[in-house]
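Undergrad: Pasting the sequence and the predicted coordinates here, then a few questions.
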Amino acid sequence: MNKEMIRKRRGNEGGFTLLELMIATVILAIGLLGVAGMQIVAINGNYFGKELTIANTLIAREIEGMKGISLDKVISKTEYITFSGKDAVYSGMEPSSGFYYTMVTTKGKGPDDLANTASLEVKVSWLDANGKKRIHKSSTVLFNNDTGGEGG
């Protein structure tokens, strides 16, 4: 074989050069770093969503519990909620350590001082995984249907 035939054969062969492979590898690495960053954001978002769902459930449970009782039995209070497995444990004392929610229930006058009504605000706060204080609150109006004290 002469040198001219060898050059023609090499020129017709397909493939990638080392530089092309290195550039493709860099582009792939940048893409994978972007995906990893999105994964971290998604995990944090899911964790916050879980905390917010728990807070919303605590608020709904508190408001629903207040709807069935007489207004004179509705009281303003502060409770601390920790979890033992899937069970919520309510306490009047702040836990010394660990993750917990603080629920503040505030009874006030009803709208425009309407008779047989009371406003109720329930606020749940907690420290998230980054130590940032989070607050979720909801309010409603409670009323008595009659003088017998039935909740509405």
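TA: Yep, that arrived.

Undergrad: Helix or strand, whichever it is, which one in this structure has the lowest mean pLDDT?
TA: Ranked by mean pLDDT, DSSP states H and E, the weakest helix or strand in the chain is helix 3-12, scoring a mean of 60.

Undergrad: ok, then the element right after it?
TA: helix 18-67 (DSSP states H and E).

Undergrad: tell me what that following helix is packed against?
TA: strand 101-109, strand 117-127, strand 133-143 (3 or more CB pairs under 8 Å, 6 or more residues apart in numbering; DSSP states H and E). Placement of C-beta: from N, CA and C, glycine included.

Undergrad: quick one: strands adjacent to the last one?
TA: When you say that, I think you mean strand 133-143. Paired with strand 133-143 in the same sheet, following DSSP bridges, are strand 117-127 (antiparallel).

Undergrad: Okay, now stretch 109-125: how far is its last residue from its first?
TA: 23 Å (CA to CA, to the nearest Å).

Undergrad: Stretch 75-91 too?
TA: Termini of stretch 75-91 sit 16 Å apart (CA to CA).

Undergrad: Flag every buried residue along that stretch.
TA: By 16 or more other CB atoms under 10 Å, the buried positions in stretch 75-91 come out as 79, 81.
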